[in-house]
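Asker: After the sequence you'll find the predicted model.
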Amino acid sequence: MEYLVTMTTHVPDGTPDAAVDDIRSREAAHTKELAAEGHLLRLWRPPLQPGEWRTLGLFDAADAAELETVLESMPLRIWRTDEVTPLLPHPNDPGPPTRGAGSSDTAEGGSEFFTTFTITIPPDTPASAVDAMEAREADRTGELAAQRTLLRLWALAGERRSLGLWFAQDAEDMGATMDSLPLRAWLDVQTTQLTPHPSDPASTPG
């Protein structure tokens, strides 16, 4: 099962720089081990305020207990709090890329983005109309996946909520992609632009 983990680190005041550097070095080395074991799939940095130290991680674990064991093994956990979001299968998910692939496009310009979708179907919409719209949405997401614009798609807990991972040249390009979705009129979309993380398994040699 896959999980999105928001990892927020608060280094205690007065911690020597040498101690911070040591923990960060050990964290980077352990990250490679977790990636080799198949537990850590991706790492990103979301938009940050000055002084913030926050990372988004995509993890794979058999269950919540195994995930907690993985997170506890990370050296930065002594200064970190983790917010875990279980990710459920989505019928339109293109599936994980081949190991080592996933962020190479960003080297040529552009960014990855997360989108959180909440679908609100207008009252009294016929079931046949919903089915037809969802079929068109599946076709369109298939096209976007073939173009490597849609990278992953997961369902979230709660009715008609999902999380998407996308690639676009910029925020305007991302907005145009969202507007191309057949379900767009029914979607509330929250978009987060991501920046590369130096320890991201998709951008480091396997």
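Answerer: Received the coordinates, thanks. Residues are numbered from 1 along each chain as shown.
Asker: hey, where'd the strands end up in this structure?
Answerer: Remark: strands assigned in the chain by DSSP state E are 2-9, 40-45, 54-60, 80-89, 111-119, 150-156, 161-168, 187-193, 195-196.
Asker: out of these, nearest to residue 28?
Answerer: With CB to CB, the closest approach to residue 28 among those belongs to strand 40-45: 10.4 Å. Using the backbone N, CA and C atoms, a C-beta is placed for each residue, glycine as well.
Asker: Kindly export that closest one (C-alpha atoms) in PDB.
Answerer: Backbone C-alpha positions of strand 40-45 (Å, rounded to 0.1, in the frame of the first residue of the first chain) are rendered in PDB as follows:
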ATOM      1  CA  LEU A  40      10.700   5.000  -0.300                       C
ATOM      2  CA  LEU A  41       9.400   5.800  -3.800                       C
ATOM      3  CA  ARG A  42       9.700   9.500  -4.200                       C
ATOM      4  CA  LEU A  43      10.600  12.700  -2.300                       C
ATOM      5  CA  TRP A  44       9.600  16.300  -3.000                       C
ATOM      6  CA  ARG A  45       9.800  19.700  -1.400                       C
END
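Asker: in its sheet, what does that strand sit against?
Answerer: strand 54-60 (antiparallel), strand 195-196 (antiparallel) (DSSP bridges).
Asker: From the chain's centroid, how far away is the first one?
Answerer: The chain centroid and the centroid of strand 54-60 are separated by 7 Å, computed with CA atoms, centre = their mean, to the nearest Å.
Asker: got the buried residues for it?
Answerer: The neighbour-count check on strand 54-60 (16 or more other CB atoms under 10 Å) flags 55-60 as buried.
Asker: As TSV, those residues with pLDDT would be great.
Answerer: Below are these laid out as TSV (pLDDT from 0 to 100):
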residue	pLDDT
55	97
56	98
57	98
58	98
59	98
60	98
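Asker: List just the nearest of those residues to residue 150.
Answerer: Once CB to CB is applied, the member of those that ends up nearest residue 150 is residue 58, at 15.4 Å.
Asker: about what we covered before: among the buried residues of strand 54-60, find me the one that's closest to residue 18.
Answerer: Ranked by distance to residue 18 (CB to CB), these are led by residue 55 at 21.8 Å.
Asker: Skipping adjacent residues, who's closest to the closest one in space?
Answerer: Nearest in space to residue 55, with sequence neighbours left out and distances taken as CB to CB, 6 or more residues apart in numbering, is residue 7 at 4.6 Å.
Asker: ok, now which ones touch residue 84?
Answerer: 3-5, 64, 67 (CB atoms under 8 Å, 6 or more residues apart in numbering).
Asker: For residue 48, see how far away the closest residue in space to residue 47 that isn't next to it in sequence is.
Answerer: In space, and not counting its chain neighbours, residue 47 is closest to residue 193: 6.5 Å by CB to CB, 6+ apart. Distance from residue 193 to residue 48, counting by CB to CB, to the nearest Å: 11 Å.
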